[in-house]
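Colleague: pasting a predicted model and its sequence here:
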Amino acid sequence: MIKNVYDDEVPKVVTIKETVIETPTVKTFIFPFEITEDIHPGQFVMVWDLNNEKPMTISVIDKKNNLMGITVRKAGPFTENMYENMGVGDKIGIRGPYGHGYELSGYKKVLAVGGGSGIASLAPLLSFYDNVDLISAASTKDELVFVEKFKKENIQVHECTDDGSYGFKGFSTELADELLKTGDYDIIVGCGPEIMSYKLLELSQKYDIDCQLALDRYMKCGLGICGQCCIDDTGYRVCVEGPVFDKEQLGQLSEFGKYRRDAAGSIVEY
Amino acid sequence: MLKSNILGMNLKNPLFLAAGILGTTASSMKMVARAGAGGIVTKSFSLEANDGYENPTIVKIEGGVINSVGLASPGVEAKKEELIELEDIRDETPVIASIYGDSEDVFCEVAQRTKDYVDAFELNVSCPHAKCGFGSNIGEDPEMTYNIVSSVKDSIKDVPIIVKLTPNVTDITEIAKASQEAGADALTLINSVGPGLRIDYQTGKPILNNVLGGIAGPMIKPIALKCVYNTYKTVDIPIFGVGGIKDYKDVLEFMYAGASLLQIGTSIMYDGPEIFKNITDDLSIFLEENGYNNVTEIIGLSHEL
Ligand SMILES: Cc1cc2nc3c(=O)[nH]c(=O)nc-3n(C[C@H](O)[C@H](O)[C@H](O)COP(=O)(O)OP(=O)(O)OC[C@H]3O[C@@H](n4cnc5c(N)ncnc54)[C@H](O)[C@@H]3O)c2cc1C
Ligand SMILES: Cc1cc2nc3c(=O)[nH]c(=O)nc-3n(C[C@H](O)[C@H](O)[C@H](O)COP(=O)(O)O)c2cc1C
Ligand code: FES
């Protein structure tokens, strides 16, 4: 029997309680939200700025204080407006959480690789699991996200920058390759630019370990009906079956690393 | 038990995917076909690519959704590529292309360019939130509807033409009759209702970016049923019933009222694409237990009682 037919799921309007400028392009927003048992790292919410609405990964899951956070990177009008103009006391609407997050029970040791603001989707893993090593990557030192937060909470993170201005010099996938050589890890998880994610899948094949990656596709409903976020060849809905996919699913996604669809549904190649 | 042959389509069951739900890409439509749909209606498309309205375009409320997706779709050439990809499922799962436009020429051109890849066309003259001149601007007017349908019929000879109607008129049977006179091979009733509105109670902001949107889902079933029931009495062509179907009992009601075929949209939100298999399983059991040999036997039953 179908349940939840009579649930009202309009956006829940909350007041921003705290913001953190992470980098010149990335900002975190924290707001009160009832953190129920079913909220899990890797899931996302639809964020309404009372005008437009966009999907954002949950980057802070604070059960004790019933706080949630999102970490926004400037990419266009919506995210720029959030970064420049939205602050403490402003209201935003939240609906969700939606989708499937990371599922890491049963693994010995997890290597989590975040590119740019992708690290935001991985950070909450640390409060759910105690066997996760993080790689945080950016083009340069100023663009590294959550550096202060990790320092404050005394969390060891492998930082890396393309230009070597902080931590390991090179791409996150090169550092991941180095770490995987130790043979300690039985799964690699990741969130970031799709080219990086695609290389992480290849690494998991090279080392014959498991893999879970968060993908993003254009979203409208977040409810699994509009079809905007569906991904070839399986037709998985990124908003329902994803955004985190496991190794077997990733292997079936012929468009992964190659193309995506825009708001009209037209194909855009990477 | 559930097999039928209607409009030249061999159907394993009468449950189609409704236009605009998981109908953008070939792979999502194939996914719904694998999940057990008897047929597929694509998301509506036209000549040019259209981004639709800005988000929020869909909001989930008690008993369904309000949507103002705004006919987002790639243009006809990109859609043709998706339709070609569907070639290999059409034997088992017929594909109906839903098309829209603002003139007879546009409807005919889109149909001409895609007619080799589909089992039927559904003319969307009923979208309640389309821009001026599209959608229900046409379907609220019997004469405009007549003109569009007859020109598409003149231009496309060998593919059945279905007309999808809006419930947001004083008398839907007027438009239904005009469509039949213009040569329509079947009707789809109904498109979404309204339009309707939801406002955030804390800020006073309308939630949808477009302010208004079409209402769909279980809450519109009584309206859809009425439209099917009344229209069945006035036309002789087959009717697709759509609006709020979520389980086999809803399917029975629509067929009793006169629908030969059904479409399911919003309820996929509750049950996932598996809803097709869930309903066909339950429907088969019900028909068997009640002594029927084939699902077509119950079409219009309420009118005989
Ligand atoms: C599941 C998921 C989780 C995400 N999590 C985060 C996050 O934690 N932090 C973050 O900064 N960004 C995240 N994004 C991306 C974010 O949604 C886009 O950056 C944002 O929508 C851009 O909007 P804009 O108006 O600023 O830019 P635009 O100029 O509109 O677009 C810039 C880019 O964002 C993409 N985009 C635009 N609208 C959407 C949409 N409705 N759905 C998906 N992609 C869109 C476009 O394809 C384009 O590539 C996530 C996306 C998804 C699908
Ligand atoms: C998100 C969404 C998008 C839709 N897009 C279209 C469309 O492109 N063309 C169309 O004819 N109807 C469209 N419809 C209407 C449905 O096909 C259907 O007529 C209506 O939703 C009622 O059925 P339901 O209650 O089963 O959803 C859309 C409905 C929804 C909810
Ligand atoms: S965003 Fe609509 S189906 Fe995923």
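Modeller: Yes, it's here. Numbering: from 1, shown residues only, chains lettered A, B, ... in the order given. Ligands and ions are numbered 1, 2, ... in the order given.
Colleague: ok, residue 198 - contacts?
Modeller: With no chain named, the answer covers chain A. A:256-257 (CB atoms under 8 Å, 6 or more residues apart in numbering or on different chains). Where C-beta positions appear, they are placed from N, C-alpha and C, glycine not excepted.
Colleague: chain B was what I was after
Modeller: Residues in contact with B:R198 (CB under 8 Å, 6+ apart) are A:10, B:59, B:61, B:66, B:206-208.
Colleague: nearest to B:G300 among those?
Modeller: The closest of these to B:G300 turns out to be B:I66 (CB to CB; 31.8 Å).
Colleague: what segments of the stretch 1-150 of chain A are strands?
Modeller: With strands called from DSSP state E, counting those that start in this stretch, the stretch 1-150 of chain A shows them at A:12-15, A:18-21, A:26-32, A:44-48, A:53-62, A:67-73, A:91-98, A:110-115, A:132-138.
Colleague: tell me which residues in the longest one are buried?
Modeller: In this case it means strand A:53-62. A:53-61 (16 or more other CB atoms under 10 Å in any protein chain shown).
Colleague: a markdown table for the residues you listed, including pLDDT and distance to B:P14?
Modeller: Converted to a markdown table, the buried residues of strand A:53-62 look like this (pLDDT from 0 to 100; distance: CB to CB, whole Å):
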| residue | pLDDT | distance to B:P14 |
| --- | --- | --- |
| A:E53 | 98 | 36 |
| A:K54 | 98 | 39 |
| A:P55 | 98 | 36 |
| A:M56 | 97 | 41 |
| A:T57 | 97 | 41 |
| A:I58 | 97 | 42 |
| A:S59 | 96 | 46 |
| A:V60 | 96 | 49 |
| A:I61 | 96 | 45 |
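Colleague: what's the closest of those residues to B:L305?
Modeller: A:E53 (47.7 Å).
Colleague: look up how far B:S4 lies from the closest one.
Modeller: A:E53 sits at a distance of 42 Å from B:S4 (criterion: CB to CB, to the nearest Å).
Colleague: now B:N230. Nearest residue, chain neighbours left out?
Modeller: Counting by CB to CB, 6 or more residues apart in numbering or on different chains, B:N230 lies nearest to B:T173, which is 5.5 Å off, once chain neighbours are set aside.
Colleague: tell me who's in contact with the one you found.
Modeller: Contacts of B:T173 by CB under 8 Å, 6+ apart are B:230-231, B:233-235.
Colleague: with A:W48 instead?
Modeller: Residues in contact with A:W48 (CB under 8 Å, 6+ apart) are A:11, A:92-95, B:56, B:207.
Colleague: most proximal residue of the stretch 101-250 of chain B with respect to ligand 3?
Modeller: Taking CB to the nearest ligand atom, ligand 3 has its nearest neighbour within the stretch 101-250 of chain B at B:A216, 14.0 Å off.
Colleague: count the residues that sit near that residue.
Modeller: 31 (other CB atoms under 10 Å in any protein chain shown).
Colleague: B:L47 now?
Modeller: If you count neighbours by other CB under 10 Å, B:L47 ends up with 18.
Colleague: with A:D216 instead?
Modeller: A:D216 sits with 19 neighbouring residues when counted by other CB under 10 Å.
Colleague: any idea how chain A splits into domains?
Modeller: Domains of chain A are assigned by automatic domain parsing as A:12-98, A:102-214, A:217-270.
Colleague: measure the longest one end to end?
Modeller: Distances were taken as CA to CA, to the nearest Å; on that basis the terminal residues of domain A:102-214 are 8 Å apart.
Colleague: again, but for the first one
Modeller: Across domain A:12-98, the terminal residues are separated by 14 Å (CA to CA).
Colleague: with stretch A:41-60 instead?
Modeller: One end of stretch A:41-60 sits 9 Å from the other (CA to CA).
Colleague: try stretch B:187-200
Modeller: 37 Å.
Colleague: contacting residues for the most centrally placed residue in chain A?
Modeller: The centroid of chain A falls nearest to A:S121 when counting by CA atoms, centre = their mean (3.3 Å). Residues near A:S121 by CB under 8 Å, 6+ apart: A:41-42, A:57-59, A:114, A:191, A:214.
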